[in-house]
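Visitor: quick check, what structure comes out for this input:
(chains A, B, C and D)
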There are 2 protein chains.
Amino acid sequence: MSVTIKDIARVAGVSRGTVDRVLHNRGGVNAEVAAKVREIAEDLGFFPNRAGKVLAALKQPMTFACLLPSIGNPFFEDVIAGFRIAERELSDFGLSIDIKEVKSFDTETHVNAIRELQEKGYSALCITSVDVPQVRMALEKTIAGGIPVVCVNTDIPDCGRLCYIGPDYYHAGKTAAGLLSMISKDKQELLILTGSFNILGHNERIKGFLQGLKEKNVPFEIVETKESLDDDDLAFTVTTQALTMHRQINCIFIAAAGVEGACRAVTKLKREGLVKVLTFDDIPSTKKLVKKNIISFTLCQNPTQQGYQAIQKLFAYMIGNQKNPPTDSITNTIIKIRENIED
Amino acid sequence: MSVTIKDIARVAGVSRGTVDRVLHNRGGVNAEVAAKVREIAEDLGFFPNRAGKVLAALKQPMTFACLLPSIGNPFFEDVIAGFRIAERELSDFGLSIDIKEVKSFDTETHVNAIRELQEKGYSALCITSVDVPQVRMALEKTIAGGIPVVCVNTDIPDCGRLCYIGPDYYHAGKTAAGLLSMISKDKQELLILTGSFNILGHNERIKGFLQGLKEKNVPFEIVETKESLDDDDLAFTVTTQALTMHRQINCIFIAAAGVEGACRAVTKLKREGLVKVLTFDDIPSTKKLVKKNIISFTLCQNPTQQGYQAIQKLFAYMIGNQKNPPTDSITNTIIKIRENIED
DNA sequence: TTGAAAGCGCTAACAG
DNA sequence: CTGTTAGCGCTTTCAA
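Guide: This is a model prediction of the structure:
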């Protein structure tokens, strides 16, 4: 049995209330007494018991708010699923979760959403947003107001967030290059399709991909680079144009959404098998295309784990689990081909 | 705030003690009263609060025993790491873990180990063993004696175990075939290296691999099939022999341990690049060989997760988390190449 | 500035 | 057969 505040109180010759006050820096304790208590706690190797804390905390239930640019983006469904799993597991520890969904990565929308959540008095925030000054400032203010924040899927460094849970985009791009170098030794005539030139993650994937090709000595040429704005119809249009104009294209690297649209163009032009398609994530439409062999492989980032871990880490922090202080958690780059796409 | 036994007691007009007795089928309660309590609990949607249970359970701390054939097999180090992570997380819920390591899959050793653990009075067992009648009987007896059992990594069905946590070996073999079909269209002249013809998992991997090749219409011939007994030196010997006798071999499928030995043979005979090597798991020596491009890819099964989940599930069951009754959990088939081997 | 006590939800020991 | 009570570790409130 491990050491409790009761033990500390006994050894220090004070009451449990006093120990509690000291350990939470709640003030109103004689400095000498406080020092003594702290020393004893240290000596005895005291760690608060989570079960006790949780039980006591039940009187003031917690609610976390999650902000996601998920409207119209199926990718986030799995992140939300992760949130919900964690919520269910932690529900009888007094936790509940509200999810605020917005459309797109528009700065103003995000800033407003963050303000709104701050004002509503949530216990903590879990957000996917954009790393721009306005958002960062809004977050800094929230955090200064005592509301901890974790970033999921997209990091916003230097705003005082607790930690980041999500993928390493650059590395994922590089892995795509590694795999491509295994499945083909030909010169790669590339069509690069990105969501937006303004989104860091997409750019990082492309950078990693090109760097990986260089390191692997894969001969390649970038025939075209296009934005899809994560829209399937636009992706269809630009892909059709590119494939028609440049018959030599034999590989499409899709750094973002728009996968279904681009693949529609490939099949419409009857280029299946002639053009390799490399993608990210495994939303339902992408899964289907992997199964149909239109997509060679897709690199996934464990969205459900991201959501799950974010909530768990936040909760552990709130409850004061000092054994595991929050640290960044980079999700693995998971290679999926036809055979393991349903895992 | 959710419904508690206190609520049930109040509504039923009985004491909390009685409710507790009914809910735990501990007997000694008037049948009518019991029925009424049960009905009310059902109506109110009662789920016991884990924090409360855990706190009360602290008076009788639990110890789980884990049985692993891990001596001399580095694969299990990650499984053990998973055990330890779970133990740390659950330590202030009163859990501790003892690990019993044995060498090899010898039946008698396992039966004796199981008997020993049973007699030592552990709260529950978490085992990796062999699916043979003697072991199954030993487990049935343990379970009948009230000690729940989960199987990790290797299943032993029909013995009354709570659940299985581990890979789908057949499926992993099939995935290897899928990947191979992507990286090479040539006829595959195969050397198949297995650990033992008696170990189900190894056989399943081979079956899945061959079935996968057929489905993908990959032309192939099995030049040789050899046992390594999971021993690197033996693997080196048989691989050297096979590669020397049959110069046409261009692909080695290693269904078990012995990876380092087989690869040593490949480099010694200067066949790197000419012979593709396909392996499973990512023990340190395998990682190195993937980085050196000797191994084309290796298929992993998340051993750390296996260990972690096994303990978590067992604990959840013991504490009576009725929201998630224990179910099998098949770990993903994780493809690792040079670029993501360090994930 | 400090102590004492109540209570979070549950279990178990003891009375009756 | 059933109720009462104490207590798991912690927080919080009320007194002093």
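
Visitor: residues touching the residue of the stretch 101-250 of chain A at minimum distance from DNA strand D, list them.
Guide: Closest to DNA strand D within the stretch 101-250 of chain A is A:S123: 12.0 Å, counting by C-beta to the nearest atom of the strand. For glycine as for every other residue, the C-beta is placed from the backbone atoms N, C-alpha and C. Going by C-beta atoms under 8 Å, 6 or more residues apart in numbering or on different chains, A:S123 touches A:M62, A:T63, A:F64, A:I147, A:M318.

Visitor: secondary structure element holding the nearest residue to A:R38 once chain neighbours are set aside?
Guide: Sequence neighbours aside, A:V22 is the residue nearest to A:R38 in space, at 6.2 Å (criterion: C-beta to C-beta, 6 or more residues apart in numbering or on different chains). Using DSSP states H and E, A:V22 sits in helix A:16-23.

Visitor: contact partners of that helix?
Guide: A:5-6, A:8-9, A:12, A:26-29, A:33-34, A:37-38, A:41, A:48.

Visitor: now stretch A:106-126: buried residues?
Guide: The neighbour-count check on stretch A:106-126 (16 or more other C-beta atoms under 10 Å in any protein chain shown) flags A:H110, A:V111, A:A113, A:I114, A:L117, A:Q118, A:Y122, A:S123, A:A124, A:L125, A:C126 as buried.

Visitor: can I see the domain layout of chain A?
Guide: Chain A breaks down by automatic domain parsing into domains covering A:5-48, A:56-166+A:303-331, A:169-300.

Visitor: out of those, nearest to B:G258?
Guide: domain A:169-300 (23.6 Å; C-beta to C-beta).

Visitor: now the contacts of helix A:16-23: which count as buried?
Guide: For these, buried by 16+ other C-beta under 10 Å: A:I5, A:I8, A:A9, A:A12, A:V29, A:V33, A:A34, A:V37, A:R38, A:A41, A:P48.

Visitor: which members of the residues you listed are the farthest-apart pair?
Guide: Farthest pair in the buried ones among the contacts of helix A:16-23 (C-beta to C-beta) is A:V33 and A:P48. Separation: 19.4 Å.

Visitor: how about the strands in the stretch 201-343 of chain A?
Guide: With strands called from DSSP state E, counting those that start in this stretch, the stretch 201-343 of chain A shows them at A:220-227, A:251-254, A:276-280, A:297-300, A:329-330, A:334-336.

Visitor: B:K268: which of those strands is closest?
Guide: That would be strand A:334-336 among the strands of the stretch 201-343 of chain A, by C-beta to C-beta, at 30.3 Å.

Visitor: who are the packing partners of that closest one?
Guide: Contacts defined by 3 or more C-beta pairs under 8 Å, 6 or more residues apart in numbering or on different chains; DSSP states H and E place strand A:334-336 against strand A:297-300, strand B:334-336.

Visitor: contact residues of chain A facing DNA strand C?
Guide: Proximity of chain A to DNA strand C (C-beta under 7 Å from any atom of the strand) is limited to residues A:13-18, A:21, A:27-30, A:33-34, A:55-56, A:58-59.

Visitor: show me the contacts for the residue in the stretch 201-343 of chain A that chain B sits nearest to.
Guide: Residue of the stretch 201-343 of chain A nearest chain B, by C-beta to the nearest C-beta: A:E339 (3.6 Å). Contact analysis of A:E339 by C-beta under 8 Å, 6+ apart lists B:H171, B:K174, B:T175, B:A177, B:G178, B:L179, B:G212, B:T333.

Visitor: and the gap between it and DNA strand D?
Guide: Distance, A:E339 to DNA strand D, by C-beta to the nearest atom of the strand, to the nearest Å: 49 Å.

Visitor: what about the closest residue to that residue other than its chain neighbours, how many neighbours?
Guide: Leaving aside its sequence neighbours, A:E339 sits nearest to B:G178 (C-beta to C-beta, 6+ apart; 3.6 Å). Here the number of neighbours of B:G178 (other C-beta atoms under 10 Å in any protein chain shown) works out to 23.

Visitor: tell me which element B:G178 is part of?
Guide: Here B:G178 is assigned to helix B:169-183, by DSSP H and E.

Visitor: and that helix, what does it pack onto?
Guide: helix A:169-183, helix B:200-215, strand B:276-280, strand B:297-300.

Visitor: hmm, the third one touching chain A?
Guide: It stands for strand B:276-280. No - Strand B:276-280 stays clear of chain A (C-beta under 8 Å from any C-beta of the partner chain), getting no nearer than 9.9 Å.

Visitor: that strand: partners in the sheet, and parallel or antiparallel?
Guide: Partners of strand B:276-280 in the sheet, by DSSP bridges, are strand B:251-254 (parallel), strand B:297-300 (parallel).

Visitor: wait, isn't A:Q306 in contact with A:A81?
Guide: No - A:Q306 lies out of contact with A:A81 (C-beta atoms under 8 Å); the separation is 10.4 Å.

Visitor: okay, those two: which has more neighbours?
Guide: A:Q306 (23 against 14).

Visitor: pLDDT at the more buried one, what is it?
Guide: A:Q306 is assigned a predicted lDDT (pLDDT) of 98.

Visitor: ok, back up a step: in the helix holding A:V22, what counts as buried?
Guide: Residues of helix A:16-23 classed as buried: A:T18, A:V19, A:D20, A:R21, A:V22, A:L23 (neighbour count, 16+ other C-beta under 10 Å).

Visitor: next helix or strand past that helix?
Guide: Counting by DSSP H and E, the element after helix A:16-23 in chain order, helix or strand, is helix A:31-44.

Visitor: do that next one and DNA strand D meet?
Guide: No - counting by C-beta under 7 Å from any atom of the strand, DNA strand D has no neighbours in helix A:31-44; the shortest distance is 10.1 Å.

Visitor: and the angle for that helix with helix A:16-23?
Guide: On the basis of axes from the mean of the first three to the mean of the last three C-alpha atoms, to 10 degrees, helix A:31-44 is oriented at 90 degrees to helix A:16-23.

Visitor: so what secondary structure elements neighbour helix A:31-44?
Guide: Helices and strands touching helix A:31-44, as assessed by 3+ C-beta pairs under 8 Å, 6+ apart, comprise helix A:5-12, helix A:16-23.

Visitor: quick one: low-confidence ranges for chain A?
Guide: Within chain A, the segments meeting pLDDT under 70 span A:1, A:321-323.

Visitor: how about a cut-off of 50?
Guide: Within chain A, no stretch has pLDDT under 50.

Visitor: what parts of the stretch 1-150 of chain A come near DNA strand D?
Guide: Within the stretch 1-150 of chain A, the positions near DNA strand D by C-beta under 7 Å from any atom of the strand are A:1, A:4-6, A:16-17, A:20-21, A:23-24, A:47-49, A:51-53, A:55-57, A:59-60.

Visitor: and the gap between the residue sitting nearest the centre point of chain A and B:K36?
Guide: Compute the mean C-alpha point of chain A, and by C-alpha atoms, centre = their mean the closest residue is A:N153, 2.0 Å away. According to C-beta to C-beta, to the nearest Å, A:N153 stands 50 Å off from B:K36.

Visitor: what number of residues lie near the nearest residue to A:S285 once chain neighbours are set aside?
Guide: Spatial nearest neighbour of A:S285, chain neighbours left out: A:E260 (4.3 Å); criterion: C-beta to C-beta, 6+ apart. Using other C-beta under 10 Å, A:E260 is surrounded by 20 other residues.

Visitor: A:E260 and A:V290 touch, don't they?
Guide: No - using C-beta under 8 Å, A:E260 is not in contact with A:V290, being 11.8 Å away.

Visitor: nearest to B:T142, of the strands paired with strand B:276-280?
Guide: Nearest of the strands paired with strand B:276-280 to B:T142, taken as C-beta to C-beta: strand B:297-300 at 30.7 Å.

Visitor: got the CA coordinates for that closest one in CSV?
Guide: Extracted as CSV, the C-alpha positions of strand B:297-300 are listed here (Å, rounded to 0.1, in the frame of the first residue of the first chain):
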residue,chain,number,x,y,z
PHE,B,297,9.7,-5.2,-45.1
THR,B,298,8.6,-6.6,-41.8
LEU,B,299,5.0,-7.1,-40.6
CYS,B,300,4.5,-6.2,-37.0
